[in-house]
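In: With the sequence up front, the predicted model follows.
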Amino acid sequence: MLDQILAQQTIAAVKEIFDTDIGQELNLIQKTRKEFDGDLTIVVFPLTKILRKSPQLIGEELGKYLQTHSGMVQAYRVVSGYVNITIKPSFWKDVFIRNYGDPSFGILKPAAEDPVVIEYSSPNTNKPLHLGHIRNNLIGYSLARILGACGENVVKVNLVNDRGIHICKSMLAWQRWSRGETPESAGMKGDHLIGKYYVLFENAYREQVKELVGAGMTEEEALRQAPLMGDAQRMLKKWEERDKETLALWHRMNQWAYNGFDETYRQMGVDFDRIYYESDTYLLGKELVEEGLRQGLLQRKEDGSVWADLTAEGLDWKLLIRSDGTSVYMTQDLGTAQMRYDEFHPKKLIYVVGNEQIYHFDVLKLILKKLGKRWSDSIYHLSYGMVELPEGKMKSREGKVVDADDLMQEMFVTAGKMTRELGKLEDFSDEEASGLFRQVGLAALKYFILKVDPMKTMVFNPEESIDFNGNTGPFIQYTYARIQSVLRKAAVPEMSGNDFFSIDYQPIPKEISLIKILAVFPSTVREAGEMYSPAVIAAYVYDLAREYNQFYHDHSILKATEPAQVHFRIELSRFVGNVIKTAMGLLGIEVPEKM
RNA sequence: GGUCUCGUAGCUCAGCUGGAUAGAGCAGCAGCCUUCUAAGCUGCGGGUCGCAGGUUCGAAUCCUGCCGGGAUCACCA
């Protein structure tokens, strides 16, 4: 905001001094590097070519002009092509006074516009959530909050993949080998129980394939011919034919999975406004395909399978209906997208889905377009990178996955251990303590994941990754808790209006540094929204917390020398605390009053 | 092989819409608690920004090529 004002003033100054119009897009203003005096810097090099004058001369002229005309420039120094500008301290004080009491500082109210629909999580009901889902959920939930703070009308949706061949695998295995085991009888969360049978199926299936290969079959053929696979396919067929017994089993087991997921989401602190089930949308997808077929936009082969010809678009043919009449993932997604569009008419349809599905979404958009859906352009695939372990990719088949429930549980335990070691539990009840462990443990996990650019592949080391010191969630929570502690001790009522600021108090440099960071919070939120990146918020709030801790260490708040300073510092601290809380909220992270 | 993506300190990551001497945290070393919470603060060491060209007054950032890792190109989801 301040940089934009200065940019405008600089453009005006150039016009005034040199009688030359320069573009808006020149990007002349940057933050002054900390080894130089000043707040903002004008880079004059881009102007030298246009004005045909030396950097030194341009710099001097601009500095002189701005100092007398700008109203906010205290001083300037020209250093080898850079004009370092110091903003008047009173200006920073004004920024503070205008905003310090605003609880929604940086947060815009939702506009009455078409909503932004954001899908995340998208679990399969054949196995429990793992670390990859955690990243997905955290990014999706945080992004929903950030876009909301940017004034968007956000609808959070989940799409449960509750049908398909993989679901049949779990069902089949359970039917064969469970002897009627239930989550209650096994003492397991439902999603974990189902996952167990999915693994059983995969193991038995691989066993069969190995045998067939041993008997002389090619691997490819064996994968297709193994009896278990045939059984699963027949089950899927029966399911699509609404076979009563199959449906009953399906309902029963899916309910187990949902109960398990609900528990995981509750622990994680994410939620949804609307849940879609693919069993409800795949038929609509089939209808769309039938319609496309009638209009000659799609093609049917002799064996009955239906395809989209994307060769004109530089891609291949894409299957939409199998020869046995059952539908594939793409078919379902067509229906899901249509249903969402019909329901919300969103201006943007965001899918938080892993980068392994980039191709899938390219194809999805193309097929929708082919079917005449103009709104396919509003689809945005937010493709995030995979989470890898130190030894490489997670492999579900080899049991090399970090389970979401286990991981969160470990986080709570570790947080408890840390807290006890630090002796911080004196005035906590047991209930308060376990609440704190949850807050701190989750903060460590969430912040660790969200501080990384969503697009990038990241490495998670279960033993070492989670820290509670340094650039971490607990560090930021700690800063907040410290502030609250000071405020409790201060025991002065929150100031109303500007009463004590009429006193002629000028903030010291460290206080100004803090105000400078606070001042860019609104634009930071907007940037995070534009970039679809919670990492921007994470970097910001860490920066703020670090700066505050330095301030806190170097300067006494309650024992400052004069009353005006005490009051100012209390309100400054409160302001910092509020922004920390807001920013952490945008990441889906809670902050404790004490820790 | 085609397409896409990533490569920055021992490790995990910022910086990437071009700007001054490339930043944090962890790990290592050395300090700071009779004073508002030491999950904190201060200092030190640590870099051919994968390599080579190009564009530019200026490149970690943009372009090209190469090397290395990953993803994807299923009648899986």
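Out: Cool, the structure landed. Note that the coordinates shown come from a computational prediction; the quantities given were computed from them, not determined experimentally. Residues are numbered from 1 along each chain as shown, chains lettered A, B, ... in the order given.
In: Pull the number of nearby residues for the residue of the stretch 401-550 of chain A found nearest RNA strand B.
Out: The stretch 401-550 of chain A approaches RNA strand B most closely through residue A:470 (2.0 Å), counting by C-beta to the nearest atom of the strand. From N, CA and C alone the C-beta is placed, and that goes for glycine too. Residue A:470 has 9 neighbouring residues, counting by other C-beta atoms under 10 Å.
In: a strand runs through it, doesn't it?
Out: No: the assignment for residue A:470, made by DSSP: H, G, I helix; E, B strand; the rest coil, is coil rather than a strand.
In: Check what pLDDT it gets.
Out: pLDDT, residue A:470: 95.
In: Could you do residue A:426 as well?
Out: Confidence at residue A:426, expressed as pLDDT, is 81.
In: Three-state assignment for it, please.
Out: Reduced to three states by three-state DSSP, residue A:426 is coil.
In: quick one, phi/psi of it?
Out: Phi and psi for residue A:426, reported as degrees, to the nearest 10, are phi -50, psi -60.
In: how about the residues of the stretch 101-250 of chain A near RNA strand B?
Out: Along the stretch 101-250 of chain A, the residues adjacent to RNA strand B under the rule C-beta under 7 Å from any atom of the strand are A:124, A:161, A:164-166.
In: so who does residue A:427 touch?
Out: Neighbour list for residue A:427: residue A:594 [criterion: C-beta atoms under 8 Å, 6 or more residues apart in numbering].
In: Now do the SS call for residue A:380.
Out: Residue A:380 ends up strand, using three-state DSSP.
In: just checking, it touches residue A:349?
Out: Yes: in this structure, residue A:380 is within contact of residue A:349 by C-beta atoms under 8 Å, at 6.8 Å.
In: So those two - more neighbours on which side?
Out: residue A:349 (23 against 16).
In: May I ask you to confirm that that one belongs to a helix?
Out: No: per three-state DSSP, residue A:349 lies outside any helix segment and is strand.
In: I'd like to know the beta-bridge partner residues of it.
Out: residue A:117, residue A:379 (DSSP bridges).
In: any idea of the pLDDT on it?
Out: Per-residue confidence (pLDDT) for residue A:349: 95.
In: now swap in the one 5 residues further on and tell me
Out: At residue A:354, the model reports a pLDDT of 94.
In: which ones among the residues of the stretch 101-250 of chain A next to RNA strand B are found in helices?
Out: A:165-166 (DSSP state H).
In: Near the residue in the stretch 101-250 of chain A that RNA strand B sits nearest to, how many other residues are there?
Out: With C-beta to the nearest atom of the strand as the measure, residue A:164 is the residue of the stretch 101-250 of chain A nearest to RNA strand B, at 3.8 Å. As a burial measure, residue A:164 scores 21 neighbours (other C-beta under 10 Å).
In: do stretch A:586-595 and RNA strand B meet?
Out: Yes: Stretch A:586-595 is in contact with RNA strand B by C-beta under 7 Å from any atom of the strand, via A:593-595.
In: who wins for neighbours among the residues you listed?
Out: Busiest of the residues of stretch A:586-595 next to RNA strand B [other C-beta under 10 Å] is residue A:595, holding 22 neighbours.
In: ok, and for the helix or strand that contains residue A:220, which residues are buried?
Out: Using DSSP states H and E, residue A:220 sits within helix A:219-225. The neighbour-count check on helix A:219-225 (16 or more other C-beta atoms under 10 Å) flags A:222-223 as buried.
In: Output that helix as PDB - backbone C-alpha positions only.
Out: What follows is helix A:219-225, C-alpha atoms only, in PDB (Å, rounded to 0.1, in the frame of the first residue of the first chain):
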ATOM      1  CA  GLU A 219       2.700 -60.400 -16.300                       C
ATOM      2  CA  GLU A 220       0.200 -58.300 -18.200                       C
ATOM      3  CA  GLU A 221      -2.100 -61.200 -18.900                       C
ATOM      4  CA  ALA A 222      -1.800 -62.500 -15.400                       C
ATOM      5  CA  LEU A 223      -2.900 -59.100 -14.000                       C
ATOM      6  CA  ARG A 224      -6.000 -59.400 -16.100                       C
ATOM      7  CA  GLN A 225      -6.700 -63.100 -15.700                       C
END
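In: Count the neighbours of residue A:480 for me.
Out: Using other C-beta under 10 Å, residue A:480 has 24 neighbouring residues.
In: Help me confirm that residue A:361 comes into contact with residue A:379.
Out: Yes: under the criterion of C-beta under 8 Å, residue A:361 makes contact with residue A:379 at 7.1 Å.
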